Structure formats: structure tokens, C-alpha cells
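Asks: here is a sequence with its predicted model. Questions after.
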Amino acid sequence: MLIETSKVAILGANGFIGRAVVESATSSRGETTVHSMVRRTSSPPRPPGELYAGDVRDIGSIRAAIRGMDAVIHAASYIGYDAALCRETNVAGTLNVVEACAVEGVDRIVYVSTASVYGTGPHRGPAESELEIRPESALSRSRADAENLVLDSGGTVLRPDMVLGAGDRWFVPGLMRFTDAVDGLVDGGTTRMSVVHVRDLGAAAFQLAVLDTPSPGAYNIAYEQPAEVREIMDLLRVPAAPSLPSVASADARKLATNAGFTTRQFSLLASDHWFDAGKLRSAIGPGLGELVVDGTDRAWYQSLKPRSDLRWPPGRIVSKR
């Protein structure tokens, strides 16, 4: 059951995931006060709620944004390739969040992390307790370390794998580029993934923050049934999967390598990565049903496809995850 009246601060409120959290919080049936912390108050679109300019690297700005709140949803992360910035933003920044919450008396923290902390798969349906934390890049290590800070403070961690929806600049654009690079769908597009719509991720993060009984710990977030790559692409019409030929995995690997994809990136897009999220459904109820996309999502991806600046993977040294 959710608290009827709540006060929630959302850090990173203008990001891809943060915007979805704000939307869920401001459209909730209960009476919710929202503090939205963003790095630049002038950057569009302006999130609803009371707006605070801040940065997780500045504990003073965090304290100002979370003061008087019941819960903090931390969706502000650096997802680039600079190892120093990974530590500075994801680890030191999360430590600032934890310490600010302690000083301001906020005892609920929900951190939006990533399933990449589990390392390269394939993964076929494991629950949280069945997996070791084995990050394989500076970025993933920093997210795992940030998780530990939150969990040690009694907080909650959400681990999505692939997130899609309007605003996504990585997953589906990357999948499109990968498909182009290998001239089709690897093994007919039968690779299965735990995808989640950003709308459902935002709703789950908000629900965990306002449960009447706190539920600390780490949670996978995924629909009950994984989605095949061909289903994802057909659903989004980018392009229609039936028109694409099947490519054997061994042949696709050579083509992907020639196109600049790393071994890890190939694994993420061409081998099964799906997880059991029964623990989350037990905590928040059966709200996560199945993947649903709409015209806004399709229009977003269609608008990105012709852009020459959409280059993925952006580098050969480390993978995004």
C-alpha cells in the first residue's frame, strides 16, 4: 500500500529516467509534494514541482533540495567513459546523497542503478539472490559502488537492464545501428532481453519510495516475459523485423567487430539478458504487466534514425554499460 500523502525529492529530474519519475509522482492519486533537482534550471523541458538547481557533487545543493522530504529518488548518474568522472559523480556523488539524507533526516533513498553490475551474460531468468555482482567496466564498477553506499544506508536499489521509450538515446538507437552493422537480425532476432519502458521504471521507483512499509534491498525490474529483439523492433517499427534477414551469430560477430562493436557490446545485443523480477512484483504489486509502446515512442525513434550524429558505439575502448 502507498502512503497517501508524501514528499519526494527527485535528483536528476530532467534526465531520461528522472523525467519519468517526476511524471509518475505528479500524476499519483495521493497528495504528493515534489522537489525536482536539476543541474540547470533553464534546460528544457522544465519538470513540474518545486525546482532546485543542484549537482550530486555538491552536498549543499542536495541538502537544499531534499530538506523536509520523506524520500529521495536518486536518478542522477554519469554514464560516460571518463573513469574519474564515474568515481566523482556516481560514487562520491552518491555518498553525498547518503550523507545529505542522514543530516536532513530523510530515511528513504531509492537509487536507479543498472543490471550491468551483474556483468556479461548470458543471463536467463536469474533472481537477485542467484547473481554475483561482477561489474566489468569503470562505469559499471562505479554504479556497483554507488549501490553499496545506498544499501549500507538501508536504502533501495532498482536494476533495470534495457530501458526504452521517447527520450532513449542509447538502447534502441544502438540496436538499430547494430542491426545495420550485421546486415540483419542475429539468429533471426530470437535473443531475449529484459526491456522496460521508462514510464514503468519511473512508476516503480516512485512506488518503492512511498510504500507504507519501507522495502530496502536490491530489485531487478523487468516484465514477467522477456522480449525478443525481433519483437522489439517490430513493435517500434524501426524497421519491421519480418523484412530483415537472419544472420548466424558467428558471421554477425565478425561484421560487428569490423563496425567497431566490442566483444561486450556484441554480447549485450546478441545473447540473452533477462532477469526475474518477482521480488519487485511482491513489493509493489502486479503493476508491471507487459511492454506497451505508443505513437510518441515510435515517432521518437523514427526522428532519430536519419540523424548522422547518432553514432553507436561511440568508442571502441569501453562499452556504455
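Replies: Nice, I can see it.

Asks: what is the burial count for Gly155?
Replies: Gly155 has 26 neighbouring residues, counting by other Cβ atoms under 10 Å. Yep, even glycine has a C-beta here, placed from its N, CA and C like the rest.

Asks: hmm, I was thinking of Ala127
Replies: Residue neighbour count, defined by other Cβ under 10 Å, stands at 12 for Ala127.

Asks: quick check: it touching Trp274?
Replies: No. Checked against Cβ atoms under 8 Å, the pair Ala127 and Trp274 is beyond contact range at 11.7 Å.

Asks: which strands or helices does the lengthiest helix in the chain pack on?
Replies: In the chain, assigned by DSSP state H, the helix with the most residues is helix 138-152. In terms of contacts (3 or more Cβ pairs under 8 Å, 6 or more residues apart in numbering; DSSP states H and E), helix 138-152 is packed against helix 93-104, strand 109-112, strand 156-160, strand 217-221.

Asks: tabulate those in CSV, adding columns for mean neighbour count.
Replies: Output for these, formatted as CSV (neighbours: other Cβ atoms under 10 Å):
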stretch, mean neighbour count
helix 93-104, 21
strand 109-112, 28
strand 156-160, 25
strand 217-221, 22
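
Asks: for these, which one sits closest to Ala20?
Replies: Judged by Cβ to Cβ, the one of these that comes nearest to Ala20 is strand 109-112, at 9.9 Å.

Asks: quick one: contacts of the closest one?
Replies: Outside of strand 109-112, the residues within contact range by Cβ atoms under 8 Å, 6 or more residues apart in numbering are 17, 21, 71-75, 77, 94, 97-98, 101, 146-147, 150, 153, 155-158, 160, 201, 205, 208-209.

Asks: and that strand, which strands flank it?
Replies: Strand 109-112 has its sheet partners listed here by DSSP bridges as strand 71-74 (parallel), strand 156-160 (parallel).

Asks: strands along the stretch 101-250 of the chain, start to end?
Replies: Ranges of strands in the stretch 101-250 of the chain, per DSSP state E, counting those that start in this stretch, are 109-112, 123-124, 156-160, 162-164, 185-186, 192-193, 195-197, 217-221, 227-228, 246-247.

Asks: ok, which of the ones you listed comes nearest Ile284?
Replies: Closest among the strands of the stretch 101-250 of the chain, using Cβ to Cβ: strand 217-221, at 8.9 Å.

Asks: CA atoms only for the closest one - export them in CSV, please.
Replies: Extracted in CSV, the C-alpha atoms of strand 217-221 (Å, rounded to 0.1, in the frame of the first residue of the first chain):
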residue,chain,number,x,y,z
GLY,A,217,17.3,-4.0,-0.8
ALA,A,218,18.1,-4.6,-4.5
TYR,A,219,15.4,-5.3,-7.1
ASN,A,220,15.5,-6.4,-10.7
ILE,A,221,12.9,-4.6,-12.7
